[in-house]
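Participant: next input, structure requested:
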Amino acid sequence: MIDKIVQTMAAAMAGIRDGAVVLIGGFGSIGQPNALIDGLIDQGAKELTVVANNAGVGHAGLARLLEVGRVRKIVCSYPRTTDPVVFERLYREGRIELDVVPQGTMAERLRAAGAGIPAFYTPTSVGTRLAEGKEVREFSGRQYVLERALFGDVALIEAWEADRWGNLAYRSSARNFNPVMAAAAKLTIAQAQHIVELGALDPEKVGTPGIFVDRVVHVPYGEPVVT
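Facilitator: Here you go, the predicted model:
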């Protein structure tokens, strides 16, 4: 019987090694798997390379992972967002490396990894510092930069619903980077607010098929506050 539900956070985090490339879903704090990030902190892996949309907000979630000194390098699109106090301090002190990737390029690099596509050409960043050292080719009179697929050792993602096979459904904008990251990693761990019976998920609403998911943790945190 396939059952990907794990009962403890320690079991969910088992096997994550020092130096791993960790993909962390979310757009700011929306769809960010904070419970899994806390579990990773408790697990103790260090010297991590983190791939995320931004570099953390305040002192919780991703920002806390940075603050406790577990991250060597961050790959993101928006290192400076609302209240990026932790990242800014670490970067100014030379304690963390930064690789800035345009948001659309990062999403496509992740999607390519999940699809088994090793690289692709894009016009984004042509003629800028972001293209330095990269191959540039001309197609139909336009310049394109070669970008490589972005693979992860581990993906930490957040879902609204999950079943024991690991099929995941997302809620509104919390979907964001989570599906492409789930497909791009060797080990995908999801936290889900609701665990449902097999067959309860509408197939049209499944954003990540269970084939891409290895472990699921039930993390009920209540209905989102509507403001």
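Participant: where exactly do the strands run in this structure?
Facilitator: Counting by DSSP state E, the segments of the chain that form strands are 21-24, 48-51, 71-76, 97-100, 119-122, 136-139, 142-148, 152-162, 168-169, 185-195, 206-208, 215-218.
Participant: surely Leu36 is in contact with Ile189?
Facilitator: Yes. Leu36 lies in contact with Ile189 (Cβ atoms under 8 Å); the separation is 6.0 Å. Using the backbone N, CA and C atoms, a C-beta is placed for each residue, glycine as well.
Participant: for the residue nearest to the spatial centre of the chain, give me its contacts.
Facilitator: The centre of the chain sits closest to Ile24, judged by Cα atoms, centre = their mean, with a distance of 2.6 Å. Ile24 is in contact with Gln32, Pro33, Ile37, Val50, Val51, Ala52, Leu62, Ala155, Leu156, Met181, counting by Cβ atoms under 8 Å, 6 or more residues apart in numbering.
Participant: any idea how far it is from Thr81?
Facilitator: Here the criterion is Cβ to Cβ, to the nearest Å. By it, Ile24 lies 14 Å from Thr81.
Participant: do Gly116 as well
Facilitator: As for Gly116, its distance to Thr81 is 32 Å (criterion: Cβ to Cβ).
Participant: of the two, which one has the most company?
Facilitator: Thr81 (17 against 8; other Cβ atoms under 10 Å).
Participant: rewinding a little: can you pick the most crowded of the contacts of Ile24?
Facilitator: Compared across those, Leu156 has the highest neighbour count, 34 neighbours, by other Cβ under 10 Å.
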